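J.: quick check, what structure comes out for this input:
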Amino acid sequence: MLIAAVPLINAVISRQLGLDSVWDARRIAGLFIGFIGVGMLVGFDVSASNYWAILICFIAASGYALGPIIITKLLSDAASIGVIAWSLLVAGVIYLPIVIFEIANDSWRAPGVTDVSTQAILSVIALAVLCSAIAFVALFALVDEVGPTRTTVITYINPAVAIILGIIILSEPITTGIIIGFPLVLIGSVMATRRNVAVT
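T.: This is a model prediction of the structure:
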C-alpha cells in the first residue's frame, strides 16, 4: 500500500525541483483518488507496531519516486542501455552478500522444498528479462514522453492489473473493495495523467 504513495512523493519532489507542473486541482485530485482506489483494492492493513517495515517501505517508495526524477534531471543525455546496465550491476553487487549468506545458511529454501524446479528457474529468468531489463527500457521511454510524475502513476495500475489477472487466472473472488477501488484507480489515473488542453 505504501508503494502507492510513489506518485504523491514524486509530485512533491518534482514541484520542489521545478520539473513538473503537477499542482493544478485536477491532477492532484487524480493522484489522491488513485491512491484511495489502490487502498480499496489491496486494503489499508498498516499497523503502527510494524514501524520498521513501514520505514523500509517508505524508503523504497521514495526510491521509486526519485528514479524518474534522476533520469530527467541527471541522465537525460545518457544512453539508456548504459544506465540500465549499471543500475542492474550495482543492484546485483548489493544483493550478492545477502545471496551468499542465504545459500551458506541454507535459509533460502521454503519449508519442505528440496530442489529448485524448472518452473522456478524460468520464472526468475522471466522476471530478470521482462520485468527488469525490458521494463527499464520502457521506463526511460515513458519518462521521456510524459515526464516523471505521470510515469509514476503506473504504481496505481500495477495492483489493479494484478487483481484482474488473479480473478481471471486464479478465480479469486470479486470483493466490494475491488468493485469500488478499480473504478477509482482508473478515474484517478486518467485525471492525474491527462494533458492540459491548450486554449487558443
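J.: and residue 116, helix, strand or coil?
T.: Secondary structure, DSSP: H, G, I helix; E, B strand; the rest coil: residue 116 is coil.
J.: how about the helices in the protein?
T.: Counting by DSSP state H, the chain has helices at residues 6-17, 25-42, 51-73, 80-104, 118-128, 135-146, 148-152, 154-170, 176-193.
J.: out of those, deepest packed?
T.: Highest mean neighbour count of those: helix 148-152, a mean of 27 (counted as mean count of other C-beta atoms under 10 Å). No exception for glycine: its C-beta is placed from N, CA and C like everyone else's.
J.: let me know the pLDDT of the residue nearest the centre of the chain.
T.: The centre of the chain sits closest to residue 155, judged by C-alpha atoms, centre = their mean, with a distance of 4.2 Å. Looking at residue 155, its pLDDT reads 81.
J.: what do you get for residue 129?
T.: Residue 129 is assigned 87 on the pLDDT scale.
J.: swap in the one 3 residues further on?
T.: The score at residue 132 is 82. That number is its pLDDT.
J.: now the one 4 residues further on
T.: At residue 136 the predicted local distance difference test score is 82.
J.: quick one: it from residue 94, how far?
T.: According to C-beta to C-beta, to the nearest Å, residue 136 and residue 94 sit 16 Å apart.
J.: just residue 139 next, same as before
T.: Residue 139 sits at a distance of 19 Å from residue 94 (criterion: C-beta to C-beta).
J.: repeat for residue 6
T.: 21 Å.
J.: ok, residue 138 next?
T.: Taking C-beta to C-beta, one finds residue 138 at 23 Å from residue 94.
J.: same check, this time on residue 126
T.: Counting by C-beta to C-beta, the gap from residue 126 to residue 94 is 22 Å.
J.: same check on residue 189?
T.: Between residue 189 and residue 94 the computed distance is 32 Å (C-beta to C-beta).
J.: and for residue 17?
T.: 26 Å.
J.: equivalent analysis for residue 58, please.
T.: In terms of C-beta to C-beta, residue 58 sits 19 Å off from residue 94.
J.: likewise for residue 63?
T.: Counting by C-beta to C-beta - residue 63 and residue 94 are separated by 12 Å.
J.: residue 81 too?
T.: Counting by C-beta to C-beta, the separation of residue 81 from residue 94 is 21 Å.
J.: repeat for residue 148
T.: The gap separating residue 148 from residue 94 is 24 Å, by C-beta to C-beta.
J.: and if you look at residue 12?
T.: 27 Å.
J.: now the nearest residue to residue 167 once chain neighbours are set aside: phi and psi?
T.: Of all residues not flanking residue 167 in the chain, residue 174 sits nearest, at 6.2 Å (C-beta to C-beta, 6 or more residues apart in numbering). In terms of degrees, to the nearest 10, the main-chain angles of residue 174 are phi -90, psi 110.
J.: thanks again, I'm all set now.
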